[in-house]
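Provide a 3D model corresponding to the input given below.
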Amino acid sequence: MTRRQDNRRRSALLGLSAGGGLIGALWWVVGGWGPGAGSILLFAGAAAIAELLPFEKARGRAVPMSVAVVAAFALLQHSPVELAIVAGVGWVLEGLLRWRRRQKLRWAELLSRIVGAWSLGGLTALGHAVAPVSIPGIELELLPTVLVVLAITLGLPYWEAVESTARTGVPVRPVFVGLVESGWAGTVALSASALLGALVHPVLGAGTVPMIVLPLLAARVGLAKHALVRRTYDETVRAMSRLPEELGSVSRGHGVRVGQLAVAVARELGLAQRDVEAVERAAHLHEVGRVRLEDRDPSEHDLALAGASVVHEAGSLDDVAELIAHHRDPYRLPHQGDDPGVPIGSRIVRTVCDYDRVASDGTPDRRPWDGLEHVSRGMAYDHDPEVIQALTRVLTRDGII
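Modelled structure (predicted):
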């Protein structure tokens, strides 16, 4: 265990201990206020614990587990002030830990948590007003429950997609779809824990906290391991992309640059997250065939087939191998239309690769405009005009041209 990890663990334990002591003290102070005060303290304590243990993802920001606690509290139809207290206590505890580490407090997150809690409360109130129909056998109402589940499973990814669009300029829809596809396990766990907490609270009272937190902790362990595997997988792919660079066949950083730019172009074209990931891996590995071929100057077609063969041996990258196998094929032939046998991912990899070869070949007088001009000259057969247009928009948005 590194010193940084040890410090993080100590800080988390300190925060949990301090939070537990604070909640216990408040329990004795306001215990005479009635059952309402007890519920606030219970859910505030659960939110404080959950705030310190967010769901980790392979990509993107972590999701706070306190969302499930606040959603459960909202399903019990509490007032906006009570919702704000529950949503803010977790942030305050995390803020104390940040202050101890001399880190900057993120006040915008406090506001976003309170607004999010009010949104959940508004949805439950709206559902109760429109269709106050209870679910048979339980005390929860049907429409508020459905609205809260949709807010967690779709609202959280959409808000993250909007923030990403504001930061990067990438269209909202492909980012949103990708976040839903990649993070559905976490949002489902949050929704299930929220429903469970709202169901058991009238019966268990103080037992609500472990009933919410423990399933979330179990889900967090599994998701953290999955995220670690995904990150390790991606790092391995990036390391493989450097093999041709060690041979001197391509310029330094070519695979990483092509991968980053190909992802931006794929998202600009609206590809689904699964296809974007395949394009990224194909872009990283499109030159790996040079490792197998002894010829120092192989043909582009032989290079593509050799690279596809290497990637195909991995067993789980067949879709990536197909993109690599076709990434040197022209998107159309003379006197014919677009070739459907050349996937859009292969077209992206070829165009971005050829652009980077010219724009980043190390020659002082080479510029991004030279790379863009190079691929534009092949628009008739080699490079898809739609891909070139998307590449141009990405380069313009990023301030490169």
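
Any idea which helix or strand in the protein has the lowest mean pLDDT?
Of all the helices and strands that make up the chain, helix 3-30 has the lowest average by mean pLDDT, DSSP states H and E, namely a mean of 46.

residue ranges for the helices of the stretch 101-250 of the chain, please.
Across the stretch 101-250 of the chain, reading from the start of the chain, the helices by DSSP state H, counting those that start in this stretch fall at 107-130, 142-150, 156-168, 172-204, 208-241, 243-246.

From the rest of the structure, what touches the next helix-or-strand element following the last one?
The helix or strand immediately downstream of helix 243-246 is helix 254-268, counting by DSSP states H and E. Judged by Cβ atoms under 8 Å, 6 or more residues apart in numbering, the contacts made with helix 254-268 from elsewhere in the structure are 170-171, 174-175, 238, 241-242, 244-245, 275-276, 279-287, 345, 348-349, 351-353, 355-357, 360, 387, 390-391, 393-394, 398. C-beta coordinates here come from the backbone N, C-alpha and C atoms, glycine included.

The residues you listed in strands, which ones?
Applying DSSP state E to the contacts of helix 254-268, no entry is found in strands.

Buried subset of these as a PyMOL selection?
Buried residues within the contacts of helix 254-268, as defined by 16 or more other Cβ atoms under 10 Å, are selected in PyMOL through the command that follows:
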select buried, resi 170+174+175+238+241+242+244+245+275+276+279+280+281+282+283+284+285+286+287+345+348+349+351+352+353+355+356+357+360+387+390+391+394
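
how far away is Thr396 from Trp369?
Relative to Trp369, Thr396 is positioned 11 Å away (Cβ to Cβ, to the nearest Å).

next one: Glu163
In this structure, Glu163 and Trp369 are 32 Å apart, going by Cβ to Cβ.

From the chain's centroid, how far away is stretch 45-55?
20 Å (Cα atoms, centre = their mean, to the nearest Å).

I'd like the average pLDDT over it.
Confidence over stretch 45-55, taken as the mean pLDDT, stands at 78.

what about the closest residue to Gly378 other than its chain neighbours, neighbour count?
Among residues not flanking Gly378 along the chain, Asp354 sits closest, at 7.5 Å (Cβ to Cβ, 6 or more residues apart in numbering). The criterion is other Cβ atoms under 10 Å. On that basis, Asp354 has 18 neighbouring residues.

likewise Leu214?
Other residues lying near Leu214 total 11 when counted by other Cβ under 10 Å.

Check the gap between it and Met65 for me.
11 Å.

Also Arg242?
37 Å.

again, but for Pro144
Taken as Cβ to Cβ, the spacing of Pro144 relative to Met65 amounts to 21 Å.

can you list the weak-confidence ranges in the stretch 151-300 of the chain?
For the stretch 151-300 of the chain, the stretches flagged by pLDDT under 70 are 206, 247-249, 290-300.

Would you agree Val67 is in contact with Gly155?
No - counting by Cβ atoms under 8 Å, Val67 does not reach Gly155; the two are 9.8 Å apart.

Same drill for those two, tell me which one is more crowded.
Between Val67 and Gly155, Val67 has the larger neighbour count (other Cβ under 10 Å), namely 30 against 19.

Can you pull the phi/psi pair for that one?
When quoted as degrees, to the nearest 10, the phi and psi of Val67 stand at phi -60, psi -40.

For the residue lying closest to it once chain neighbours are set aside, give its distance to Phe55.
Taking Cβ to Cβ, 6+ apart as the measure, Val67 lies nearest to Leu190, with 5.4 Å between them; neighbours along the chain are not counted. With distances defined as Cβ to Cβ, the gap from Leu190 to Phe55 amounts to 8 Å.

neighbour-wise, which of those two wins?
Between Leu190 and Phe55, counting by other Cβ under 10 Å, Leu190 is the more crowded of the two (28 against 24).

Could you measure from the more buried one over to Arg350?
For Leu190, the distance to Arg350 (Cβ to Cβ) stands at 41 Å.

Settle this for me: Ala321 is touching Val311, isn't it.
Yes - using Cβ under 8 Å as the test, Ala321 is close enough to Val311 to be in contact (4.3 Å).

Neighbour count for the two, which is higher?
When Ala321 is set against Val311 and neighbours are counted by other Cβ under 10 Å, the residue ahead is Val311, at 27 against 21.

element containing the more buried one?
helix 300-312.

per-domain residue ranges of the chain.
In terms of domains, the chain is parsed into 3-224, 242-397 (source: automatic domain parsing).

These into CSV, with extra columns for distance to Arg230?
Converted to CSV, the domains of the chain look like this (distance: least, Cβ to Cβ, whole Å):
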stretch, distance to Arg230
domain 3-224, 3
domain 242-397, 10
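
Out of the ones you listed, which is closest to Arg231?
Shortest distance between Arg231 and these, using Cβ to Cβ, is found for domain 3-224: 5.4 Å.

quick one: contacts for Arg274?
For Arg274, the set of contacting residues under the criterion of Cβ under 8 Å, 6+ apart consists of Glu181.

what about it, distance to Asp319?
Separation of Arg274 from Asp319 (Cβ to Cβ): 8 Å.

ok, now Glu235?
Looking at Glu235 against Asp319, where the rule is Cβ to Cβ, the gap reads 20 Å.

Give me the more crowded residue out of these two.
Looking at Glu235 and Asp319 with other Cβ under 10 Å, you find the greater number of neighbours at Asp319, namely 17 against 10.

Tally up the residues packed near the closest residue in space to that one that isn't next to it in sequence, please.
When the adjacent residues along the chain are set aside, Asp319 lies closest to Ala278, with 4.9 Å between them (Cβ to Cβ, 6+ apart). One way to gauge burial is a neighbour count; for Ala278, by other Cβ under 10 Å, it gives 22.

how about stretch 124-141: buried residues?
Of all the residues in stretch 124-141, those buried under the rule 16+ other Cβ under 10 Å are 124, 127, 140-141.

same deal with stretch 212-220?
Within stretch 212-220, the residues scored as buried using 16+ other Cβ under 10 Å are 212-213, 215-216, 219-220.

With stretch 74-92 instead?
Residues of stretch 74-92 classed as buried by neighbour count (16+ other Cβ under 10 Å): 74-76, 78, 82-91.

Closest to Ala44 out of those?
When these are ranked by distance to Ala44 (Cβ to Cβ), Val89 comes first, at 4.0 Å.
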